[in-house]
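1. Sequence and predicted structure, then a few things I'm wondering about:
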Amino acid sequence: MRMFKKSKIFQSMAKLLNGVSGAEVTPTPPASNSPDLQNEEDQPENVITTVDNTKTLERLVAQSQKLDKAQINAGVRAYSNQEYDEAIVHYQRAIAINPSDGSVHNNIGNVYLRGKKDPQAALPYYVQATTIAPSFNYGWLNLALCQKELGDISGAQATVSRGLKELDPTDGLYEVLTQLQAQLEQQALT
């Protein structure tokens, strides 16, 4: 709680705070009857201001999530228009907003692997996607495909094995990873 002296600035702040969900401005009686003050209008009025930070925080989180999704959508649009550098910028902004979203790291990997045809640049993004979100199925698939593209068959096999341990067998990509595992085993034999 904070105490504010009644003034034009305070009145403006009070109007603003009263417009904020969960904010409450309550006047309290004057602090003292100082002999220095000539009349009642000159006496300061103390006001206790409380703000429900939970509601404010929830609103900020919701806005942040909207910004995150907006950046992801802009990245997808740029990627589909083959504007790969722009897509990366949007995805990096989404990561700055929400660094714990493994799918965005995966999307940057896709830009490098499929768009720019640079699997070496894609690799760390797929690794990060699987580290951040071990249950994110496409992260495992794309990491294994990237490793395969780089000629790292044993690395791809290890990735598929770990992905199969992390994913639920009912996951739609579980079967795809199983098929990829069989292909990698065949490729390792030749």
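-> It's in. Numbers count the residues shown, from 1 in each chain.
2. Identify the residues contacting Ser103.
-> By Cβ atoms under 8 Å, 6 or more residues apart in numbering, the residues touching Ser103 are Ile72, Ala129, Ala133, Phe136, Tyr138, Gly139. Just so you know, the C-beta spots here come from the backbone N, C-alpha and C atoms, and that holds for glycine as well.
3. From Ile132, how far off is the first one?
-> Here Ile72 is placed at a distance of 15 Å from Ile132 (Cβ to Cβ, to the nearest Å).
4. if you count what's nearby, which of the two comes out ahead?
-> Ile72 (21 against 18; other Cβ atoms under 10 Å).
5. Let's verify the more buried one: helix, strand, or coil?
-> helix (DSSP: H, G, I helix; E, B strand; the rest coil).
6. my guess is it contacts Asn107, does it?
-> Yes: at 7.3 Å, Ile72 counts as touching Asn107 under the criterion of Cβ atoms under 8 Å.
7. shared neighbours of those two, which are they?
-> Tyr91.
8. Am I right that Asp168 is in a helix?
-> No: assessed with three-state DSSP, Asp168 is coil; it does not lie in a helix.
9. Can you give me the pLDDT of it?
-> We have a pLDDT of 95 for Asp168.
10. I'd assumed Tyr174 was in contact with it.
-> Yes: using Cβ under 8 Å, Asp168 makes contact with Tyr174 at a distance of 7.0 Å.
11. And these two? Which one has more around it.
-> Tyr174 (16 against 9).
12. check contacts around that one.
-> Tyr174 touches Asn137, Leu164, Leu167, Asp168, counting by Cβ under 8 Å, 6+ apart.
13. buried subset of the residues you listed?
-> Asn137, Leu164, Leu167 (16 or more other Cβ atoms under 10 Å).
14. Quick check: the first one vs Ala156, distance?
-> Just to be clear, that refers to Asn137. For Asn137 relative to Ala156 (Cβ to Cβ), the value is 16 Å.
15. And Pro123, how close does it get to Lys148?
-> Actually, residue 123 is Leu. It isn't Pro. 11 Å.
16. With distance to Asp101 as added columns, please give the buried ones among the contacts of Tyr174 in TSV.
-> TSV is the format used below for those (distance: Cβ to Cβ, whole Å):
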residue	distance to Asp101
Asn137	15
Leu164	23
Leu167	18
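17. for the nearest residue to Leu150 once chain neighbours are set aside, what are its contacts?
-> Leaving aside its sequence neighbours, Leu150 sits nearest to Pro119 (Cβ to Cβ, 6 or more residues apart in numbering; 5.1 Å). Contacts of Pro119 were listed using Cβ under 8 Å, 6+ apart, and they are Tyr112, Leu113, Cys146, Glu149, Leu150.
18. So Pro119 versus Tyr125, what's the distance?
-> 11 Å.
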